[in-house]
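> could you work out the structure for the sequence below:
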Amino acid sequence: MSEGTMQRRAQREQQSGRRVKRLARVLVCAAAVPLVAAGCSSDSGSDDGKDKGASASASKSASPSPTVRAAKYGKLPEACTVLSKKTLEDLAPKAKSGKEGNSDDISTRANCSWNSLDNNGVKGSQFRWLSVSLLRFDSDTTRGPADELAKKYYAKQVADAQSAEGAKGTKSEPVSGVGDEATAVRYDLKKKEGAFKQQTVVARVENVVLTLDYNGAGLAGDKTPSADDLMKDAQKAAKEAVSSVTEANGTEKEGGSPSGSASKAPSESASKSDSDKASDKG
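Purely as a prediction, here's the structure:
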């Protein structure tokens, strides 16, 4: 074989070897591409999961469940027991017992009334009517804290007393030392039976509103009672009734230091329908 032929063969083999190496590299890369792609796809899915989890966690922390300040008082005393025997003898001496009003939930609303008629025959009679109504509010995440709801109802009760139908000579004044806030409203009422002197004391202690109505009249020619005396008795009775609320919830009488706290978790037991049912007078 000639030298030229041998050189050409060597060149062809060298070129063929280079083509084989290039082909091998292409095949390796081609085989590697799905693996890389698969790895990327797997990593991408994992990242998506992490992103979604992080997003959900961030959303949850950014939108916490709403909370509201809990009500301080969780129950009411029995309405017919909020006044002592001595107080009842002073305000309604001829009342045999209190008449408890109807309530669908005595822990939320309660009332009691007393009728007293001191009949002196031809000399006339002295009539007294006393009523105590209690309404307790619970905190609600939609409507707000219990004490704020009680404040609104307290203002409504005062306004209702000030605008009573047929009232003459209406006067209002704040009352100190009775709950967290209290207002006394007085006016005259002319009825066929005689001239009635009406006294209303509305008081709020935390999340409970108390409305005390007291009126008196001299019938069949007897003298009309003093409005000042009636108001003095009404305010004394209202203060005693407020103390009964605090005692029923494990705290000392007005002016004393708390000996306990009856907190109640937010609920809707004092619903809007309860607050709309104003205590009936009479």
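> helices along the protein, start to end?
3-62, 85-91, 146-162, 227-248, 272-276 (DSSP state H).
> burial measure for Ala237, as a count.
24 (other CB atoms under 10 Å). Heads up, the C-betas are built off the backbone N, CA and C, glycines and all.
> so how far is Phe137 from it?
Distance of Ala237 to Phe137, given as CB to CB, to the nearest Å: 23 Å.
> list the beta-bridge partners for the closest residue to Tyr154 other than its chain neighbours.
Nearest non-adjacent residue to Tyr154, counting by CB to CB, 6 or more residues apart in numbering: Arg204, 4.2 Å away. Note on Arg204: beta-bridge partners Glu181, Val209, judged by DSSP bridges.
> need the contact list for Arg204.
150-151, 154, 179-182, 210 (CB atoms under 8 Å, 6 or more residues apart in numbering).
> over to Ser97?
Ser97 neighbours (CB under 8 Å, 6+ apart): 80, 114.
> tell me the phi and psi of it?
Taking degrees, to the nearest 10, you get phi -160, psi 170 for the backbone angles of Ser97.
> need the per-residue pLDDT for it.
According to the prediction, Ser97 has pLDDT 92.
> ok, now Ser57?
So, for Ser57, pLDDT stands at 54.
> circling back to that earlier point, show me how to select, in ChimeraX, the buried members of the contacts of Arg204.
What follows is the ChimeraX syntax for the buried subset of the contacts of Arg204, where burial is set by 16 or more other CB atoms under 10 Å:
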select :150,151,154,179,181,182,210
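> of the contacts of Arg204, which is the nearest to Ala79?
Leu210 (9.8 Å; CB to CB).
> distance of the closest residue to the closest one other than its chain neighbours relative to Gln157?
Leaving aside its sequence neighbours, Leu210 sits nearest to Ala203 (CB to CB, 6+ apart; 4.8 Å). According to CB to CB, Ala203 and Gln157 sit 9 Å apart.
> need the residues touching each of the two.
With contacts defined as CB under 8 Å, 6+ apart, the residues shared by Ala203 and Gln157 are Val209.
> contacting residues for Ser226?
So Ser226 contacts Lys197 (CB under 8 Å, 6+ apart).
> distance of it from Gly216?
9 Å.
> what sits in contact with each of those two?
In contact with both Ser226 and Gly216: Lys197, using CB under 8 Å, 6+ apart.
> Gly177: how many residues sit nearby?
By other CB under 10 Å, 10 other residues sit near Gly177.
> for the stretch 51-200 of the chain, which residues score under the pLDDT cut-off?
Along the stretch 51-200 of the chain, segments meeting pLDDT under 70 span 51-65.
> could I get the full set of strands for it?
99-100, 109-119, 125-136, 168-174, 181-191, 194-205 (DSSP state E, counting those that start in this stretch).
> how long is stretch 100-120 end to end?
28 Å (CA to CA, to the nearest Å).
> ok, and what's touching it?
With CB under 8 Å, 6+ apart, stretch 100-120 has contacts from 74-80, 82, 88, 91-95, 97-99, 125-136, 138, 222, 269-270, 274, 277, 279-280, 282.
> buried residues in it?
Neighbour-count burial for stretch 100-120 [16+ other CB under 10 Å]: 101, 103, 106, 108-116.
> check contacts around Glu206.
Under the criterion of CB under 8 Å, 6+ apart, the neighbours of Glu206 are 71-73, 146-147, 150, 180.
> could the strands of the stretch 51-200 of the chain go into TSV alongside distance to Asn249?
Putting those into TSV (distance: least, CB to CB, whole Å) gives the following:
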stretch	distance to Asn249
strand 99-100	20
strand 109-119	14
strand 125-136	10
strand 168-174	25
strand 181-191	18
strand 194-205	10
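> closest one to Pro66 among the ones you listed?
Nearest to Pro66, of the strands of the stretch 51-200 of the chain and by CB to CB, is strand 125-136 at 22.1 Å.
> quick one: list the elements packing against that closest one.
Helices and strands touching strand 125-136, by 3 or more CB pairs under 8 Å, 6 or more residues apart in numbering; DSSP states H and E, are helix 85-91, strand 109-119, strand 208-219, helix 227-248.
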